[in-house]
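1. My questions are about this predicted structure, shown below with the sequence.
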Amino acid sequence: MGGWRAAGAPGVPACDRERRLPPGCITSPPSRFVAAPAMVILSPHPDDAVFSCGHLLANRPDSTVVTVFAGLPEEDSPLTDWDERCGFISGRVAMQTRRDEDAQALGLLGVTPMWLDFLDAQYGSSPSPHELGEALLDTLRTLDDPPVVLPMGLFHSDHLLVHEAALWALRRSVTNWTVHLYEDIPYRRLPGLLQQRLQTLATLGLEATPSTMVVSPVERLKARAVSSYVSQLRALGAEGLSDLTRPERLWDLQGACGGVDGS
């Protein structure tokens, strides 16, 4: 999660880690990660991957979480409403703390963090889907061709931007990718958003079906990881908190290789 900003608006990233992954287009995944247990989760903000995929990550240690909007704003950047609700005194302190919380949570799950230097939408202008897509391809090329799991891109402009940029990147790459989608917690509970996203994917020639991937529930471990995000839990509210304990839902994404509208 980041500052609450509804989608509408869709740095070259400086990865905190140098790694390389081959390029791809989207292909069908038969539903389970059996041959390749490690995976890459694309997370808009520190906390999104654990909130939405905590059980999945606990079942797939040695995976990597790429957090896109993890850049540190300038020292003199104004305090945003969301950061104030979380108890921070500045945006820079907020993002450094959130990285620390993320490292702690992912460490509990045995997962490697990679933080990109794009700024959360609440701190300024956002990159275009093309610009971010190129950056995601560069980042993915540092890895070893695992399955990729990306957000549905619900409600928040940063979530939508990661979703669109990832589709742009994956469909322009030359590797046949196994791709899955996760439902963004807590935004998935907002009426109609998931249905709208599925319709949009269909118009792009992409078919999303509920995954039959086996993920063993690990409530206590996920709860410990979630509890690392002290600052965000402070501001979430009762409904957001309740969604954290509900079952995670994943979708398999299938579709022909080729361009995406807006290229």
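-> Right, received. Where do you want to start? Just so it is clear, the model here is predicted, and its values are computed rather than measured. Residues are numbered from 1 along each chain as shown.
2. Let me see the ranges of the helices in the stretch 1-150 of the chain.
-> 48-59, 81-85, 91-109, 129-140 (DSSP state H, counting those that start in this stretch).
3. Between those helices, which one is closest to Val40.
-> helix 129-140 (6.8 Å; CB to CB). C-beta: built from backbone N, CA, C; applies to glycine.
4. Buried deepest among the helices of the stretch 1-150 of the chain, which one?
-> helix 48-59 (a mean of 26; mean count of other CB atoms under 10 Å).
5. helices and strands around that one, which ones?
-> Identification of packing neighbours for helix 48-59 by 3 or more CB pairs under 8 Å, 6 or more residues apart in numbering; DSSP states H and E yields strand 40-43, strand 64-67, helix 91-109, strand 148-151, strand 176-182, helix 219-226.
6. Please list the residues outside that helix that contact it.
-> Contacts with helix 48-59, where a contact means CB atoms under 8 Å, 6 or more residues apart in numbering, come from 1, 41-43, 63, 65, 67, 102, 105-106, 109, 111, 149, 151, 159, 182-186, 215-218, 221-222, 225-226, 228-229, 244, 248, 250.
7. are any of the residues you listed buried, and which?
-> Taking 16 or more other CB atoms under 10 Å as the criterion, what is buried in the contacts of helix 48-59 is 1, 41-43, 63, 65, 67, 102, 105-106, 109, 111, 149, 151, 159, 182-186, 215, 218, 221-222, 225-226, 228-229, 244, 248, 250.
8. ok, the most centrally placed residue in the chain to Gly192 distance?
-> Centroid-nearest residue in the chain: Ser43, 2.0 Å away (criterion: CA atoms, centre = their mean). Using CB to CB, to the nearest Å, Ser43 is found at 24 Å from Gly192.
9. Check Gln122 too.
-> Per CB to CB, Gln122 is found 24 Å from Gly192.
10. do the same with Arg141
-> From Arg141 across to Gly192, the span is 36 Å (CB to CB).
11. Same question for Asp184.
-> Distance, Asp184 to Gly192, using CB to CB: 14 Å.
12. quick one on the thing from earlier: out of Gln122 and Gly192, which sits in the busier spot?
-> Neighbours were tallied for Gln122 and for Gly192 using other CB atoms under 10 Å; the higher tally belongs to Gln122 (21 against 7).
13. Measure how buried Arg224 is and give me the count.
-> So Arg224, with other CB under 10 Å, has 16 neighbours.
14. Who are the contact partners of the residue nearest to it when sequence neighbours are not counted?
-> Distance criterion CB to CB, 6 or more residues apart in numbering; nearest residue to Arg224, sequence neighbours excluded, is Leu108 at 5.6 Å. By CB under 8 Å, 6+ apart, the residues touching Leu108 are Leu221, Arg224, Ala225, Ser228.
15. Fine by me, we can end here.
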